[in-house]
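J.: here you go, sequence then predicted model.
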Amino acid sequence: MNKIIQIAIKERKVTILLSFFILIFGLYAYHFIPKQENPDTTGPAAQVIYTFLGASAKDVEELVTKPVEDAIAKLEGIDFIESYSYDNVSIVTVMLDYHVDYKEQWSKLSTELDRIKTDLPDGINEPTINTELTKTAGIILALTGSEYNYEQLAGFAKLYKESLLKVAGIKEVNIDGELDKKIIIEIDNEKLGAIALSNSDLFDLIRAQNVIIPSGAIQTEQGKINVKVPKSFESLEDLNKMIIYRSEKEGSIVRLGDVAHIYFEYDEDSIKYRFNQENAVLITAYFQENQNIILVGDEVRQVIDRENKMLPDGLNINEVLYLPKDVAVSVGNFINNLIQGIILVVIVVLFGMGARNAVIVSMTIPLCIATTFISMSLLGIDIQQVSIAALIIALGILVDNSIVISDAIQVKINAGIDPIKASYLGAKEQSIPVLSSTLTTIAAFAPLMVLPGEAGEFAKSLPEVVIIALSASFIVAMTVTPALASRFFKPKQTQKDYLEGITNVYRKLVRRNIEYPIRSMLIIFSILIVSLGLFKVIDVKMFPFVDKNVIYFNIQSEVSGDSEYTQKLVEQAEAILLKEPEIINTTSSVAGGIPRFYMTAGLVPPSSDKGQLFCEFDLTQGERFRSREELGQYLQEKMDRIFIGGDCTVNLLEINIPGPTIDIKISGANLEDINAVANQIYNELAKYPGTMNVKNNQSNYKYQYIVEVDDEKASSFGLSKFDIQYQINLALNGSKASVLKSEGKEYDLMLKSNIDQIDDIENLTIKSSYTNAKILVKQFAKVKIKEELTSIKRYDRESLVSVTAKVKAGFGSGSIQNEIQAFIENEVDTSSVNISYGGDKETISKYLSGLAVASAFALVIVYIILLIQFNSLKQPFIILATIPLSAIGILLSLVLTGTHFTFTVGLGGASLIGIVVNNAILLIEYINRARSEGMAVKEACFDSVEKRMRPILLSSVTTIFGLLPLVFANSSFFTPMAIALVGGLLISTVLTLTVIPTIYYLLER
């Protein structure tokens, strides 16, 4: 290091020139670094969907879901497996841990699903595997027009899609809401029964009539001429005219149109969208990775504006989501905060060091920031709110090293030493303490890079950027600062000490503390204990809501399998919401969810009983609510009160995956036992005045027709189980017989029967594959009505029912959680079930334990660094005593400002471990040096406060002032962290100057 310092000073022109180049490259890097709103926390999740027509939810669970779960369980690094079994459909979702090589696991997933193909029942469709479950849309546009149907809207949407796909940086564009049209061939069973054909015969006839098989070629003198027999079906008329039967006796023919009603129909399982109560088609665009979304967004805007001019009258394009605009605002706000922080830090340095020295020290800031941008570009770290907030947090710390070095150099110059030699000696003398303080700060931030879960992934760039910036600040302080000081620093006249009054106060306090060290430490310890008691009055909310004016609603119908009923529920919710003055617009979906609009927004699976609404709001319109939380609670209570026919859950955007505040999970082998316990817990939880949206998500029952087959009678007629199941399923659920191609479009030909009552099932004819005889169902079976589950939820391969609730403002989730937990332990028989807790309880436990482990690692690393520096077992413990002092400041600041304890407050507390010890390092290092020069312990302690107060206060004040823009930024995520950092650093600095000398005297006298 000494050699590097010498070279930097000797070749100072080169040093200054390199610094200039770093600034230029830093600006260049900033311009081209990908800019996002948030870090990419796309979790490794996949969803597997199987369709098994004709199967009940229970059959789907036993025959499909469980084997699929067992296959998925063979993957490595599984976080959880969640499944839903519905009538006809199995949906299994798997979430992996973030550290897993998920590409390898998705390959293994496909292999495992292929392996179990033979174990799954006949008639099951090929699975739909979605390994991009968490991909998030960058742009969502809604195309509406009251005079246009879905098909016409989709036609115009394709023009936008074609243009957007030409934009560099756009990865994918989808048209959502383009309803699939199919052709229904609805068989009249009574008419079909009059001829010698069954449903399965008709199915085979249609398939055989509409197939193309290469016919070969004829060799001629001119060469080969291919022979081709075209398909038979090109229109509905062709289908109606198709001959299906010819009477041998009478010679009469029967056409398909004689026994069936043939018509077009939209696929009832397709997801339908609306914008402000008008039918809509969504144009959803996704950005490529590592793109500057702002620059790509500018080009996308031009494309959209150009296409808008070509729209016919009556068509409107509406922006549901436009991420480039949000990114520009978010990054712009944080850059403004960064600039404000730089200005404040420079002012503090200017006041504390004088103009000449302040300019040199302030050069550290742009150099370090430029170096950080270059490093971020090389390491693939995006510019987003977390990485910029990290720079703001590091701002005040960046100049600390240069302050210490420049202060040491100035002392040497004032002593009459040549500036070049003084610069070298000052930098050399402070190199080890500065390196130590830098390493301790880095050590505090480093463990934060491996925090668990989505939030840990979200916050990972914060410690990464801080570590880069601190490393840059050390290099700059050791090279650029002495190089510039050797050229520009001059001897200073003795100036008035503006801190003389404060110094005198501290001198008296230290003398009194050292005279009565035990009493002093007892007082400090008492203050600490009282402060820790404040934690009881601080509300804990690990993840505040995102600073976006968006609210969304998940709708669950109480009627399964009826998308029309779900649509009525969605329309009911739209009508309720659009009466509220704060709601600007609504985008809704029926039979599934809206394309993922935020990285943590829960994905709504396709299902006829589900819907979703996405709304933008403006609190200033109604002037009724002070915060988005108040609006959310108001709307949830209103929906709980007046929403009829289903459940409507209100959600605000969160950094973590959203979920209920209270979540009690009941699992086990027996579903009846699970439901009984769930009902008991639900009834109790619903009584609590502080809860709302209390839900028991056990499945509803509905009546279904059950065909009970007499196996002996069926066998006597020559009927196999396959004959019976296949032909009843074909009649009731229908099946795709073929495809009709017309005008460049394909339409599935769906064959089904007009069965709508028990008599129709009983009179259905089943054809024996052995004898070709046709037998009525009522001859070998009875049709009964029976209650069946509509859906079955499983979690980690066990049946699961959850009882959930949200907590109203003003009520503590912790107290309600403790009360219901005590009720379960004392009043509920849980011997046949397993109880586990999610919600806030799980989140707090998960992330606080993660922060605790990270803090413990940081403490160990910091201790080792200090042990090496001071070569003492005791002195590192003296320095670490500053950490509990910072806890006093954190808790006081949270109470005084009414701030929740959040995940970022925990991050701030953990990072303070490396920040607050730096002041103590300066004190201990000075005391040790004074003692080595012959000064007594007591006098060295007295003298340390006087000599090191100015750099300590200047260092702390620059850090605090650098954080002030974040304190006043009103950011739900970073303002609590900044408040905790300011409070902890302020109180720690004030107390460190008295406590550290006192403890040192106690241990070393």
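T.: Received the coordinates, thanks. Numbers count the residues shown, from 1 in each chain.
J.: test my guess that Asn693 contacts Lys806.
T.: Yes - look at Asn693 against Lys806 with CB atoms under 8 Å: they come within range, at 4.7 Å. Backbone N, C-alpha and C define where each C-beta goes, glycine included.
J.: what do the two both touch?
T.: Both Asn693 and Lys806 are in contact with Gln636, Pro660, where contact means CB atoms under 8 Å, 6 or more residues apart in numbering.
J.: which of these two has more neighbours?
T.: Neighbours around Asn693 and Lys806, counted as other CB atoms under 10 Å, are more numerous at Lys806. The numbers are 24 against 20.
J.: quick one: contacts for that one?
T.: Contacts of Lys806 (CB under 8 Å, 6+ apart): Gln636, Pro660, Thr661, Ile662, Thr691, Met692, Asn693.
J.: could you rerun that using 6 Å?
T.: Pro660, Thr661, Met692, Asn693 (CB atoms under 6 Å, 6 or more residues apart in numbering).
J.: can you check Asp382 too?
T.: Pro34, Gln36.
J.: what of the one 5 residues further on?
T.: Taking CB under 6 Å, 6+ apart, we find Ser387 in contact with Ile381, Ser461, Val465.
J.: helices - which of the residues you listed land there?
T.: Among those, DSSP state H puts Ser461, Val465 in helices.
J.: before we move on, the earlier item: tell me which two of the contacts of Lys806 sit farthest apart.
T.: Greatest spatial distance among the contacts of Lys806 (CB to CB): Pro660 and Met692, at 10.3 Å.
J.: show me where the stretch 551-700 of the chain has its helices.
T.: Per DSSP state H, counting those that start in this stretch, the stretch 551-700 of the chain carries helices over the ranges 563-577, 619-622, 628-642, 671-685.
J.: mind checking those for the one nearest to Ser19?
T.: helix 628-642 (45.1 Å).
J.: pull out the buried residues from the closest one.
T.: Arg628, Leu631, Gly632, Gln633, Leu635, Gln636, Met639, Asp640 (16 or more other CB atoms under 10 Å).
J.: what does stretch 983-1003 give?
T.: Neighbour counts over stretch 983-1003 (16+ other CB under 10 Å) mark 983-1001 as buried.
J.: which ones are touching Leu671?
T.: With CB under 6 Å, 6+ apart, Leu671 has these contacts: Ser799.
J.: most neighbours out of the contacts of Lys806, which is it?
T.: Of those, with other CB under 10 Å as the count, Thr661 tops at 23 neighbours.
J.: for that one, grab phi and psi.
T.: phi -70, psi -50 (degrees, to the nearest 10).
J.: how near is it to Leu63?
T.: Distance, Thr661 to Leu63, by CB to CB, to the nearest Å: 37 Å.
J.: same check on Phe474?
T.: 64 Å.
J.: more crowded one of those two?
T.: Between Phe474 and Leu63, counting by other CB under 10 Å, Phe474 is the more crowded of the two (23 against 18).
J.: which strand or helix spans the more buried one?
T.: Per DSSP states H and E: Phe474 is located in helix 461-488.
J.: so what's the residue most central in space within the chain up against?
T.: The residue lying closest to the centre of the chain (CA atoms, centre = their mean) is Thr600, at 2.9 Å. With contact taken as CB under 6 Å, 6+ apart, Thr600 is in contact with Glu654, Ile657.
J.: what about the helices in the stretch 251-400 of the chain?
T.: Going by DSSP H, counting those that start in this stretch, the stretch 251-400 of the chain shows helices at 256-259, 293-308, 323-353, 355-362, 364-379, 385-414.
J.: nearest to Leu764, of these?
T.: Judging these by CB to CB, what sits closest to Leu764 is helix 256-259, at 14.1 Å.
J.: buried residues, stretch 242-254. List them.
T.: Buried residues in stretch 242-254, counted by 16+ other CB under 10 Å: Met242, Ile244, Tyr245, Val254.
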